Each structure stands twice: as structure tokens, then as C-alpha cells.
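Asks: okay, here's the prediction I keep looking at, along with the sequence it came from:
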Amino acid sequence: MNKQEFTITVYTENHIGLLVRIATMFSRRKINIESLNTSPSEAEGIHRFTIVINEFEEVVRKLARQIEKQVEVLKAYYNTNDEIVWQELALYKVSTDEIAEKAKVERLLREHGARAVVIRKDYTIFETSGHREETDKLVEVLAPYGLIEFVRSARVAIIKASHGFHEKLREFEEAMPGEEQVENEFLNKQEGIFTM
Amino acid sequence: METLEAKKETTATKQTQTINGSQAVLEAFVAEGVDTIFGYPGGAIMPIYDALYDYHDKLKHILVRHEQGGIHAGQGYARASGRVGVVFGTSGPGATNLVTGLADAMIDSTPLVCITGQVYAHLLGTDAFQEIDVINITTPVTKWNYQITDATEIPAVLAKAFYIAKTGRPGPVLIDITKNAQLQNFEYEGYTPCTHIRSYRPKPIVRKEFIAEAAALINQAEKPFVIFGQGVILGKAEKEFKAFIEKAGLPAAWTVMGLSALDSDHPLNVGMLGMHGNYGPNVLTNECDVLIAIGMRFDDRVTGRLDKYAKQAKVIHFDIDPSEIDKNVKTAVGVWGDCKETLPLLTKLIEEKQHTAWVNKFHEYMAEEVKEVIHEELNPTDDILTMGEVIRNLNELTGGNSIIVTDVGQHQMVACRYAKFNKSKSNITSGGLGTMGFGLPASIGAKFGAPDRQVIAIIGDGGFQMTLQELGTIMQNDVDVKILILNNQFLGMVRQWQQLFNDKRYSFVDIASPDYVTLAKAYGIEGQRINQREVLRDALSTMLHHKGSYLLEVMVGKENNVFPMVPQGCSVSEIRLK
């Protein structure tokens, strides 16, 4: 078993300090967070963290459980890349003169599905989204033409097999959990832990 | 929970009244049934202390000498009483001094609610006097923490704090309250205890199919072995546990944290696990066919080398914390739940059995251990006193009825190995964190948590010097604790390792002591020092019968070692008897 990329999806309350609490789970094991995104989720009032790390599955499983144990965390899932659909957004600032003069650049941009967000006399900002390799590729391509600034967002990911969090949230809100609430579901399938 | 309901009726006045944040804190304590607070005042927590002035008939406040002493006292209180320990500290250094105790309580699952004062909300982030980011500092060492900047939040947040601290796998909670919130008046609607937080499931639904699987494994087992930890005590499941092992005649060994959950002289109690545990339980861990772990977490001091730990056995793990299952040892069956609930279900499904030959194997190993180690330790033939014989004499005098609080090191291992217990919640020690300096303040807390019981603090000369300022707390509050210093004039455990693994290169383990008896006298505490066997028994008896606190210093062998020992990095079956 090798280290591989895992995407951890955490549903939480939206509380100050929770970011640190979750981040320390990684830093205490000296694991670098490749990318971290927080956003609202499909369920009102529930926050969603998307965290990408490179690790052994065994470690990721333990991490997910320790994260889920935190009082303000509702659920933590982890998935390999083929279990999710994901995107990252990237912005590129280039000199407008370069773009205007060199038709080659324009063609390259089109090939990479970039679109202009701002066009000014002095610079133009392009935007593209995709997987890391795709956004990286455009950096490489633009570099010879004087890429002034580049920035990329964290990964956002949708779990292919997920039915969303609405149903789960209803179960969590009940003071007395119902029979349909499978709490220790990870014990069912030692392998397919934290699948929905 | 039954007490909560009763309290609810008496405190929840439906009409509102105007009170300030500080009063709301104390109202919450009264409603939660808190009777004792350990604390130390300071600038940022002054409004709470001002309010406390009017609550002296409902809430006892024990002024400690250092916040670390305060939190260890809170831990001792919680461990002896089974209730939540409550601690006050001010902002800045007051808060940072709590960190060791929080970490200790976190790793040993001790329920605490700590309140720290904080600078005014408008000063947050300005490096104000005694301002420190206590929430971020304490995040990894608390089960939950929260900063309050508005008094109206106080009742609900404190209700949450107590609920989180004591339910599920218990742990420390820290609430940081800015000074403006402590002073702010608001319309108080009464206190409602918390019973549900949607993101927090302290009590899982018990999955009966896993219990059935576990029972099937136990019923088929020829050499089943039960290992248990503090989960049995925290779950208040001592009776249920006993019924379980007795029905199937299962030999049971304990972790340091599980000690006293099962009577020492119970025929199925086969002793202590781990690095300085008993011979049989360690060796036979690698011979049993089914290993049943109840409320313990497979600490490395228990398992030794993991890849050679119980590989031949099917492991069943009962725990309330799902993240513990499969964390260190891969289980065949994991049962997530409160052992108070799960154990009776399991007991119902297991067959009545005796495993006489198997249990006898433990006795055979014990006989060998007695011959090689224990007999000489408890009845030494040379002149020098051993820690073991002190504990043996103590057992004979107390009959195993006392609460034994220990510090950390050789004396701790000797006390855990040889002290006898016939009542649960009687062994109070720093297990997971190994905090030297824990013993003395924890014994103070234990006495307040269990005032009717005799509390004996057994402490080494190193650990005692870490928190001896708490003698002042004992003096001022007439706390009846018996302090037994086992002085080997060394930081003994480190010295032992240096002897065994570093070619006797004794690097900074030679520690000098003050005259403890004179020191105690300065605090108005009587005591004596002894170094001879002939007077040991009488000296212990004098200590136990003395009215009030007493300090007895026993000079023991300088270079005695604790054996057996599983050297670090070795398998439990490689345990050394010498």
C-alpha cells in the first residue's frame, strides 16, 4: 500500500475555532494539507470542509474517525480520486500587450478552456478550472509570455455516491436517534468505511 | 441524569431577572450540583470572584497555590467522586498554567469544566496585559472549548460544557470568558441543562449483532483473556463487568487506569498489564486465543511492540469512542458503546464456563514472579527498605480501603503493582500523560471528592518537589491527606533506564531533597522521616491514625529497580524478570 491522494469531506457546525481543531489533527501527525476549502453545504447552517492530503489509507481512516469525534463535527468521509468529481479554480494575470500581439497565446488560452474575467489596457485576467495538472499546464504555457500573477483555489469535490446531507442532518437533529440511523456504520464494512 | 432532572425543577425560575455574567456562571454551577471549585483569582476573572463572595454558602472554593495544582486537584476530585471537576484560572499565565492538567485530563478522559477569565473583548488581539489566545493554545488538549464575549451566551454554553465534559468519553472542557461578559447585565431566564447537541453523539445505538459475534467468539474460545481499562470505572460498570467475567470464568487483567475497578483479591483478577505489569498477563497476551478488551485503548505502554502483540488472538474491543477501535490493534469484532449497556447484553449471550486450566496458567506465572521478584521486593532480606514493603505494610494496615493517589515514576509502578483495592475509583494516578507533580494536588482534590474516605498520596522525591507548594493549600484548608514520600534520592525511573540501557551513565538523575519534615512543619503539617524496617510499621500506623494531614518520608533503596519490565520496543512476551 502506497501513499495516495485522499479527499476528506467534513460536515460541521459553523463555529469559530473549528478550523484550528481540524487542522491540528493533521499537524500533530506531521501531515501536510495539500489543499483545504471551507464552504456552505447543501444543508442549511452546515459547513463543509474539503481537505486533500497524501497519505496511507490506514492513516486517513484513523484521521477521519478522530475528526468525526470532535464535538462540532457531524460527519467525516474520505475518498480516493476515482470516487469523487472535483475541480480547482485558477486565475492568471498576463500583460494585455502580449495577448494582443501574439496570436499564439490566444490559441493556447482557447485550447485550455480559459476565459477572460477582466480585460484592461495593461493586463488581462484569465480564469480556468479543472484538475491540478490542467491548471498547472497553463502556467507552464503562459510562463514564456510573462505570467504576472497566478493563483489557484483549493479543491472542491462532490462525492459520486453521496445522497447529500439533508437526510443525515434530520437524524442528527433528533434527540433520540431513530432505528434507521446507522451510527457505527463503519463497523459494517471494514473496508468501505465512511461511504454514504 | 436523575439528579439533573431534580435540579431543573429547583433552579429554573421562569420569570426573568437581571443578573450579570459572573452570577450566571455560578448559577450554572449550582444547577449542575457543583459543590467545590479549585481556583486562583486574577485580574481578568475578578468579576466572577466578586460574585463568588455571595455564593460561599453554596459553592466551596479552594484557593490553591498554582493553577496547575488547581487543575490537578480538579482531576483528583473528578476521579474520586465520578463527577465533573471545576477549576478557575485567570487569563494569560493563569490559563497557560492549566495546560498540563488539561492535557492530562484529556488523555486520561477526566471530566473537567475549566473557566478562564479573559481580557475585555475590545482588547482581544492587541497583546493586552495578561492576554493570551487560550482557545488556540488549549484546542488540542480539550474535548471542547469556547470563548464567550457576551453574557447572554453563558447559561447555554455552560450547560453544553457540563454535558460534553461528562458524557460519552469524558474529557476536559475550557470556557474562556471575557471580562466585559462577566460584568454585563442581562435578562436571565433560568438554567436549562443540555441534553442534546446535534453534532455530538455520546451514546451510540448498541448494535446487537456485533455483541452476538463477540459472544460467539468467547463461547468458542479455549483461552479467552479479558483486559480492561478505565472505561469500566467511567461507565460505572464495575458490577456488570464482574458478572461478565464470572459467568464465563474469564481471567481479567487491568491497565493502570483500570486498577480498582475489580477487587484485588477477586479470583479472576490476574494482575496488571504492560511495561511493569505482571508476568502472566504479559506473556499470555501472546498465547490467548480470544483477547477481549473492555474500555481501554491499547496504549504503547500496555502493548509493547505492536507487530508482535496478540497476533495469534482474535481481538474483541468494547469502547465508547469509535476512533479507538482499530486505532492500534486490529479487531475481529468492535463493539461501540457504553459498557454499562453492552456488557449485560454480552453476559446474557455467553455460556457459563470455567477455564480452570487456563486460569491456572496465570497462577503458575504468578508463582514464578513471586519467587523471582515479588517475594524479595515485599520481604527484603537486606537492611535497605524497598518501596514494595512499604506498600505491603500499608495494605495490611488499610485493608485496601483507602484511596491511593500516586505521582509518576518508580513509586507509581510499585504502588500500582502492590497496593490492594476493594473499592472502585480508589486508584488515582496520571496514566497517559505521566505528569510528575500530579500526586499532591490530586490527593487534595480526591479528599474533597470523597471526604469520607482515607486518602493517601504516595509520591517520589522528584515529583513532590514539582508541586510541593500545594502544602499551603493543605494547611489553609485543613485537608486530611496522608503524604507518603518514597525517597530514593534519585529520579528513579530515568535512573533505572540509564542503568539498563545507557550503561549506568547517570545523567542528571541525582536529585537533592530539602528536609521534607521541616518543610511540612513550616506548613503546620506534622511528620517524620524513617529509614529503618523496625519502625516502618509503627510510622505508617502513626500516619494513618493521625488526625489531619501528615507527612511520612521513607528512605528507600537508592538503586532499586522495578521489575518485571517489558523494555521499550520489545514484545510483551519478552518481559524481563530481572
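Replies: Yep, it's here.
Asks: ok, residues contacting stretch B:532-548?
Replies: If you take CB atoms under 8 Å, 6 or more residues apart in numbering or on different chains as the criterion, stretch B:532-548 is touched by B:383, B:385, B:389-390, B:393-394, B:397-398, B:454, B:456, B:478, B:480, B:482, B:484, B:525-526, B:528, B:530, B:550, B:552, B:554. Glycine gets a C-beta too; all of them are placed from N, C-alpha and C.
Asks: ah, wrong one, I meant stretch A:149-158
Replies: Residues contacting stretch A:149-158 (CB under 8 Å, 6+ apart): A:7, A:9, A:35-37, A:39, A:50, A:52, A:79, A:84-93, A:132, A:135, A:139.
Asks: out of these, which end up buried?
Replies: A:7, A:9, A:35-36, A:50, A:52, A:79, A:84, A:86, A:88, A:90-93, A:132, A:135 (16 or more other CB atoms under 10 Å in any protein chain shown).
Asks: max pairwise distance over these: which two?
Replies: Put simply, by CB to CB the two of the buried ones among the contacts of stretch A:149-158 set farthest apart are A:N79 and A:K93, 33.2 Å from each other.
Asks: quick one: which of the buried ones among the contacts of stretch A:149-158 is nearest chain B?
Replies: Distances from chain B to the buried ones among the contacts of stretch A:149-158, taken as CB to the nearest CB, are shortest for A:T9 (15.0 Å).
Asks: so the closest one, which state does it fall into?
Replies: strand (DSSP: H, G, I helix; E, B strand; the rest coil).
Asks: was I right to think it contacts A:T50?
Replies: Yes - using CB atoms under 8 Å, A:T9 makes contact with A:T50 at a distance of 5.8 Å.
Asks: give me the number of residues near the closest residue to A:R120 other than its chain neighbours?
Replies: Residue nearest to A:R120 in three dimensions, not counting chain neighbours: A:T96, with 6.4 Å by CB to CB, 6 or more residues apart in numbering or on different chains. When neighbours are counted by other CB atoms under 10 Å in any protein chain shown, A:T96 registers 17.
Asks: next one: B:E534
Replies: When neighbours are defined as other CB under 10 Å, B:E534 has 8 of them.
Asks: in what helix or strand does it lie?
Replies: Assessed by DSSP states H and E, B:E534 sits inside helix B:533-545.
Asks: who in the stretch 101-250 of chain B is up against chain A?
Replies: B:135-136, B:139-140, B:143-147, B:164, B:195-201, B:204-205, B:207, B:210 (CB under 8 Å from any CB of the partner chain).
Asks: of those, buried ones?
Replies: Here, 16+ other CB under 10 Å leaves B:135, B:139-140, B:143-147, B:164, B:197-201, B:204-205, B:207, B:210 buried among those.
Asks: contacts only, for B:E238.
Replies: B:V232, B:A261, B:L262, B:S424.
Asks: same check, this time on A:Y123
Replies: A:Y123 neighbours (CB under 8 Å, 6+ apart): A:K93, A:V94, A:S95, A:T96, A:I148.
Asks: repeat for A:E42
Replies: By CB under 8 Å, 6+ apart, the contact set of A:E42 is A:G164, A:F165, A:H166.
Asks: give me the buried subset of those residues.
Replies: By neighbour count, with 16+ other CB under 10 Å, the contacts of A:E42 hold A:F165 as buried.
Asks: inside helices: which ones of the contacts of A:E42?
Replies: Counting by DSSP state H, the contacts of A:E42 place A:H166 in helices.
Asks: point to the helix or strand of chain A where mean pLDDT is at its lowest.
Replies: Least confident helix or strand, chain A: helix A:103-111 with a mean of 77, by mean pLDDT, DSSP states H and E.
Asks: chain neighbours aside, what residue packs nearest to A:E106?
Replies: Nearest to A:E106 is A:I99, by CB to CB, 6+ apart, at 6.4 Å.
Asks: which bits of chain B sit near chain A?
Replies: So chain B meets chain A at B:135-136, B:139-140, B:143-147, B:164, B:195-201, B:204-205, B:207, B:210, B:321-323, B:325-327, B:334, B:336 (CB under 8 Å from any CB).
Asks: check A:H15 and give its pLDDT.
Replies: What the model reports for A:H15 is a pLDDT of 89.
Asks: quick one: neighbours of it, just the number.
Replies: With other CB under 10 Å as criterion, A:H15 counts 13.
Asks: OK, contacts around the spatially closest residue to it that is not a sequence neighbour?
Replies: Leaving aside its sequence neighbours, A:H15 sits nearest to A:E72 (CB to CB, 6+ apart; 5.3 Å). Contact analysis of A:E72 by CB under 8 Å, 6+ apart lists A:T12, A:E13, A:H15, A:L18, A:R21, B:W144, B:S199, B:Y200.
Asks: please flag which of these sit within helices.
Replies: A:L18, A:R21.
Asks: closest one of the contacts of A:E72 to B:A95?
Replies: Closest to B:A95, out of all of these and judged by CB to CB, is B:W144, at 15.8 Å.
Asks: pretty sure that closest one contacts B:F162?
Replies: No - look at B:W144 against B:F162 with CB under 8 Å: they stay out of range, at 10.9 Å.
Asks: which residues do these two both contact?
Replies: Common neighbours of B:W144 and B:F162, using CB under 8 Å, 6+ apart, are B:V173.
Asks: measure A:A116 to chain B for me?
Replies: In this view, A:A116 and chain B are 40 Å apart by CB to the nearest CB, to the nearest Å.
Asks: the residue nearest to B:E377 when sequence neighbours are not counted and B:V270: what is the separation?
Replies: Of all residues not flanking B:E377 in the chain, B:G388 sits nearest, at 3.5 Å (CB to CB, 6+ apart). Here the criterion is CB to CB, to the nearest Å. By it, B:G388 lies 19 Å from B:V270.
Asks: how about B:Q17?
Replies: Between B:Q17 and B:V270 the computed distance is 59 Å (CB to CB).
Asks: looking at those two, which is more packed in?
Replies: A direct count of neighbours by other CB under 10 Å for B:Q17 and B:V270 places B:V270 higher, at 25 against 11.
Asks: assumed A:L138 was part of a strand.
Replies: No - checked against three-state DSSP, A:L138 lies outside a strand; its state is helix.
Asks: tell me the secondary structure of B:Q130, please.
Replies: coil.
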